[in-house]
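1. sequence first, predicted model second:
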Amino acid sequence: MDELNKIETAKQKQHAKGKLFVTERLEKLFDEGKYKEILDKGRRIGVLICEGRISGKKVIVAAQDFTYRGGTLGRKIGENIARAQDIAITKKCPFITINDSGGARIQEGIDSLAGYGEIFYRNVMASGFIPQISVILGPCAGGAVYSPGITDFVFMVENIAQMYITGPKVVKSVTGSNITAEELGGFKVHNRESGVSHFCYPDEEMCFEELRRLIAMLPANCEEKTALPRKELCEKAEAELAIPENTRIGYDVRSVIRAVADEGSFMEVSAEFAMSIVVGFATLCQTTIGVVGNQPSCLAGSLDCDTSDKAARFVRFCDAFGIPLITFTDVPGYLPGVSQETKGIIRHGAKLLYAFSEATVPKINIILRKAYGGAYIAMNSKHLGADYVIAWPTAEVAVMGEDGAVEILYAKELKNLSGKEKTDFLDKKKAEYKAEVINYKHGLEMGYIDQVIKPSETRETVVALLNDALRKKKLRKAKILRKKHGNIPL
């Protein structure tokens, strides 16, 4: 009876903070009645290890209990989480951690740090083998943050989730700065600025609902075969896919993605971070696909340091788990300027080139409008191994746009011109360059583009090409040089 009273008191404490109790969280996450504790059943030690079904798929979950010693991690908890990871690896199923912990159990000294090390090691070993997801539903401090940092996706809930290496008290003692936990590592920081969080929701119920949706779309492990698109499930009302022909006018690429994908299937990843590129999962005739698209409504869809990181990591996840990649290209280039150069745009931009080159899953690129310079190459071009590149009639493929090109090509002539004469000359040469150079014709002739289609034919064409690419991938192995691993420009 005393134990029941303790649990009831613990629930009330969590509810007072606007949080669910650990068992309530598990009930929201798992399919109804489809989970069980598998380690230290019935004992409160600060973490519950459970096996069950989420969206019909077998999953292992480690859920921290903040109401027991602040959910702090000691030797026993570390051992249990590590054992849970081993079970997930052995059973080849996704692993989820629910983080709500004050960090290391200081009184246990280095034993608690050893526990973290065992967890991190298994995170790395499981990476690319099974999907790993971290759900932050309270504090996640100190060394504990590195596990979410390694896992594939991080979910946060507004106002209750914080992640930071050094807490507010330590920051004040070292720097003298007064800062709150929310300012230091709340949802706004990691969802919009750092990019550590991939999904953020206003409450736990919505968080678990969307996590269940993600699990439904992901394979259980890297060995799961990608299903061919089911043509009998491809019926969809034809959507309007018009975009502005004027490349100076922006639009929301998500409207194009949603029109091509199955109805209501698109799930955006990192929606509020590095917003000039859009990445996410969708289904196409019930086959899960990974989507990468430039976002012309933000920085004209330019690539920069953060967008390159965001897209490269997503591409590598999809490749690791056999998820075909569909790209929607409308990119004017890499974002210019001193800020980007000093942040390392060369190194960061190279990550996206590396990721697409390395990926052996089916890759289809749709050039919607602009495809300029090095960014054209980076966005899943034929030169990096795309299986198919298709273009809309609005496609413009060139080294650069007409403004910059004409200034360089006719620099000598422009030196001797001024006023209206210079303006007229520029207008004429820009029109000539646009008509002769900025189009898809040369790319089509050289085989860099496979075909030009009407926007209304996009879904039907992509389904057919994806079927073809999946069949071909089964018949041939990727040409990989014998080596231990490459050295991605981190």
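-> Thanks, I have the structure now. Not measured: the values here are computed from a predicted model.

2. tell me the confidence at Gly33?
-> Gly33 carries a pLDDT value of 89.

3. roughly how far apart are it and Gly52?
-> In this view, Gly33 and Gly52 are 9 Å apart by Cβ to Cβ, to the nearest Å. The C-beta positions use only the backbone N, C-alpha and C, and glycine is treated the same way.

4. these two: which has the busier surroundings?
-> Neighbour count, other Cβ atoms under 10 Å: between Gly33 and Gly52, Gly52 has more, with 19 against 9.

5. which residue, other than its chain neighbours, is closest to the more buried one?
-> Tyr35 (2.6 Å; Cβ to Cβ, 6 or more residues apart in numbering).

6. is it true that that neighbour touches Leu48?
-> No - between Tyr35 and Leu48 there is no contact under Cβ atoms under 8 Å: 9.8 Å.

7. these two: which has the busier surroundings?
-> Neighbour totals were compared for Tyr35 and Leu48, and Leu48 leads with 25 against 20 (other Cβ under 10 Å).

8. what about this protein, any weak spots by pLDDT?
-> Applying pLDDT under 70 to the chain flags the ranges 1, 42, 232-233, 237-239, 474-480.

9. list of residues touching the host helix or strand of Met156?
-> Per DSSP states H and E: Met156 is located in strand 153-157. Applying Cβ atoms under 8 Å, 6 or more residues apart in numbering, the contact partners of strand 153-157 are 131-137, 148, 163, 187, 190-191, 196-204, 207, 210-211, 214, 269.

10. can you do 7 Å?
-> With Cβ atoms under 7 Å, 6 or more residues apart in numbering as the test, strand 153-157 has contacts from 133-137, 148, 187, 190-191, 196-201, 203-204, 207, 211.

11. circling back: show the backbone phi and psi for the residue nearest to Gly52.
-> Main-chain dihedrals, Tyr35, degrees, to the nearest 10: phi -150, psi 160.

12. that one: what's it in contact with?
-> Residues near Tyr35 by Cβ under 7 Å, 6+ apart: Leu26, Cys50, Glu51, Gly52.

13. again with Gln85
-> Phe95, Ile119, Arg122, Ala126.

14. following whatever helix or strand it lives in, which helix or strand shows up next?
-> For Gln85, the host element (DSSP H and E) is helix 75-91. Using DSSP H and E, the helix or strand that follows helix 75-91 towards the C-terminus is strand 95-99.

15. mind giving me the packing neighbours of that next one?
-> strand 57-64, strand 132-136 (3 or more Cβ pairs under 7 Å, 6 or more residues apart in numbering; DSSP states H and E).

16. now do the helix or strand following it and strand 95-99, the angle between them.
-> Later in the chain than strand 95-99, the nearest helix or strand by DSSP H and E is helix 110-126. Interaxial angle of helix 110-126 relative to strand 95-99 (axes from the mean of the first three to the mean of the last three Cα atoms, to 10 degrees): 140 degrees.

17. what does helix 110-126 rub up against?
-> Residues from elsewhere that reach helix 110-126 (Cβ under 7 Å, 6+ apart): 73-75, 77-79, 81-82, 85-86, 88-89, 95, 104-105, 132, 143-144, 146-147, 150-151.

18. same thing with stretch 254-273?
-> Stretch 254-273 is contacted from outside by 191-192, 195, 198, 213-214, 217, 236, 239, 241, 278-286, 291, 293, 306, 310, 314, 328, 368, 458-459, 462, using Cβ under 7 Å, 6+ apart.

19. check stretch 373-389 too.
-> 294, 303, 325, 327, 329, 331, 333-334, 349, 352-353, 356-357, 362-365, 367, 371, 397, 399-400, 448-450, 465, 469.

20. now the end-to-end length of it.
-> 16 Å (Cα to Cα, to the nearest Å).

21. just stretch 144-153 next, same as before
-> Across stretch 144-153, first to last residue, Cα to Cα, it's 15 Å.

22. what's the next secondary structure element after the helix or strand containing Leu184?
-> Taking DSSP H and E as the definition, one finds Leu184 inside helix 181-185. Going down the chain from helix 181-185, the next helix or strand is helix 187-188, by DSSP H and E.

23. just give me how far that following helix sits from the chain centre.
-> Chain-centre distance of helix 187-188: 17 Å, with Cα atoms, centre = their mean, to the nearest Å.

24. give me the helices and strands touching whatever helix or strand comes next after it, please.
-> Going down the chain from helix 187-188, the next helix or strand is strand 199-201, by DSSP H and E. Using 3+ Cβ pairs under 7 Å, 6+ apart as the contact test, the elements touching strand 199-201 are strand 153-157, helix 204-217.

25. buried stuff in strand 199-201?
-> When burial is assessed from 16 or more other Cβ atoms under 10 Å, strand 199-201 yields the following buried residues: Phe199, Cys200, Tyr201.

26. coming back round to it: only the buried subset of the contacts of stretch 373-389, as a PyMOL command please.
-> To isolate the buried ones among those in PyMOL, judged by 16+ other Cβ under 10 Å, type:
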select buried, resi 294+303+325+327+329+331+333+334+349+352+353+356+362+363+364+365+367+371+397+400+448+449+450+465+469
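
27. could I get the helices and strands packed on strand 199-201 as TSV with distance to Asp319?
-> Below are the helices and strands packed on strand 199-201 laid out as TSV (distance: least, Cβ to Cβ, whole Å):
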stretch	distance to Asp319
strand 153-157	16
helix 204-217	16
